[in-house]
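Student: Provide a 3D model corresponding to the input given below.
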Amino acid sequence: MKVLHIYRTYFPDPPGGLQEAIRQICLATQARGVESRVFTLSPTPEPRDVAFPEARVTRSRSWAAPASCDLGGLDALLQFRALARWADVLHFHFPWPFADVLQLLGMTGKPAVMTYHSDIVRQQALGAVYAPLMRFMLRSMTAVVATSPAYAQTSPQLTRIVDPARLKTIPLGILDYRDEATAARSSTSIVERLGLSGEPYFLALGVLRYYKGLHTLIEAASLTGAKIVIAGSGPERDALQAQAKRLGASNVVFAGQVSHDEKVALLDGCRAMVLASHLRSEAFGMVLVEASMFSKPMICCEVGSGTSYVNEDGVTGYVVPPEDPPRFAAAIDALLDDAALAARMGDEARRRYERLFSADALGTAYDGLYREVTGRR
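Tutor: Reported below is the predicted structural model:
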């Protein structure tokens, strides 16, 4: 089985959650005999082809990226057509409007599936212009995958445009790397550098973007004595640091961008993962899956997306209303004050990870989908 993944950006360009989701699908299906390739754009596509363990990546030039929508030229269409001839299945990742143009002009005739990662939330005006092309794209798919039951049931686009018979639900997943924590414990420089040794702390991890709700987290931090570590970089950092200073939230620690090994050490040592995202742009929350892998409880907000599917309220952690600092602080205090409760919820999170979000679960689901759309059993 040969599968071509199509998305606007991929490694080695700056990473993000969606690129990592694609990588995990490639790795998980590889064990079942699926050969994956990735077609993407890059502002510096030299070399054109890059080999990674999970897939060979082919890059065309990104000539512009208005509203984070990378646009290619004729070369991109020609490369896409050549790769489509190689593939048994085309696997698109939404949203990327230029991919819709490739599908429209490519005329490949190949079975096509789409993983629908997120509604278009912020660019409402552009979304109205894009709507006809989006409807064509969704209707042209052999199958469309929502990453959680909540998104399948609440996304206006999925409920109004996609035939229910073609709509599937497959959660995102990630290969288990919890064993790397053993090596991380012997290299605790980041834990020591941040002054976290021997003290429970709560971890927020990821790019500091507008929809992450970190303003709520910092306000909640000012209402609790718990130490909050924010690991990552992004466009909101300066504003968040200014807010923490204004509120006197000296218990908030900005760790900056961390390496993989440092991330493992922070995950291994934290009391719980906190994700305060308040918009549906946070469609799944892969950091919650990583926390579950490490047997850590979680606190997130109910935004009608996959976050409250990964984190089962009252079982693997707490789900609170968005932009409600007192409720978020109360959830932090509950896990801070009761280490046994945090451990029980963490054990439940690990069991849920193994059942729903492991590499085995991910690979089995997508391999089955590819076989279904190609008629192979």
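Student: residue boundaries of the strands in the chain?
Tutor: Taking DSSP state E as the test, the strands found in the chain are 2-6, 35-42, 49-51, 56-61, 89-94, 112-116, 143-146, 167-169, 201-205, 227-231, 252-256, 272-275, 298-301, 317-320.
Student: which secondary structure elements does the second one contact?
Tutor: It stands for strand 35-42. Judged by 3 or more Cβ pairs under 8 Å, 6 or more residues apart in numbering; DSSP states H and E, strand 35-42 is in contact with strand 2-6, helix 17-30, strand 56-61, helix 74-86. Placement of C-beta: from N, CA and C, glycine included.
Student: Average pLDDT for that strand, rounded please.
Tutor: On average, the pLDDT along strand 35-42 is 97.
Student: ok, back up a step: please name whichever of the helices and strands packed on strand 35-42 is nearest to residue 153.
Tutor: helix 17-30 (20.5 Å; Cβ to Cβ).
Student: what sits up against the closest one?
Tutor: 1, 3, 5, 7, 9-11, 34, 36, 38, 52-55, 91, 93, 115, 117, 172-175, 206-207, 284, 286, 359-360, 362-363, 366-367, 370 (Cβ atoms under 8 Å, 6 or more residues apart in numbering).
Student: residue boundaries of the helices in the stretch 201-350 of the chain?
Tutor: Counting by DSSP state H, counting those that start in this stretch, the stretch 201-350 of the chain has helices at residues 214-221, 237-247, 260-269, 286-293, 307-310, 325-337, 339-352.
Student: before we move on, what about the stretch 51-200 of the chain?
Tutor: Per DSSP H, counting those that start in this stretch, the stretch 51-200 of the chain carries helices over the ranges 74-86, 97-106, 124-140, 149-154, 156-161, 181-185, 189-193.
Student: Check these for me: which has the lowest mean pLDDT.
Tutor: helix 181-185 - the lowest mean pLDDT of the helices of the stretch 51-200 of the chain, at a mean of 66.
Student: As TSV, the helices of the stretch 51-200 of the chain with mean neighbour count and distance to residue 20 would be great.
Tutor: Shown next, in TSV, are the helices of the stretch 51-200 of the chain (neighbours: other Cβ atoms under 10 Å; distance: least, Cβ to Cβ, whole Å):
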stretch	mean neighbour count	distance to residue 20
helix 74-86	16	21
helix 97-106	20	18
helix 124-140	14	23
helix 149-154	18	18
helix 156-161	14	23
helix 181-185	14	19
helix 189-193	15	21
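Student: Turn those helices into TSV, columns for distance to residue 237.
Tutor: Shown next, in TSV, are the helices of the stretch 51-200 of the chain (distance: least, Cβ to Cβ, whole Å):
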stretch	distance to residue 237
helix 74-86	33
helix 97-106	29
helix 124-140	26
helix 149-154	29
helix 156-161	32
helix 181-185	25
helix 189-193	18
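Student: Cool, thanks, signing off.
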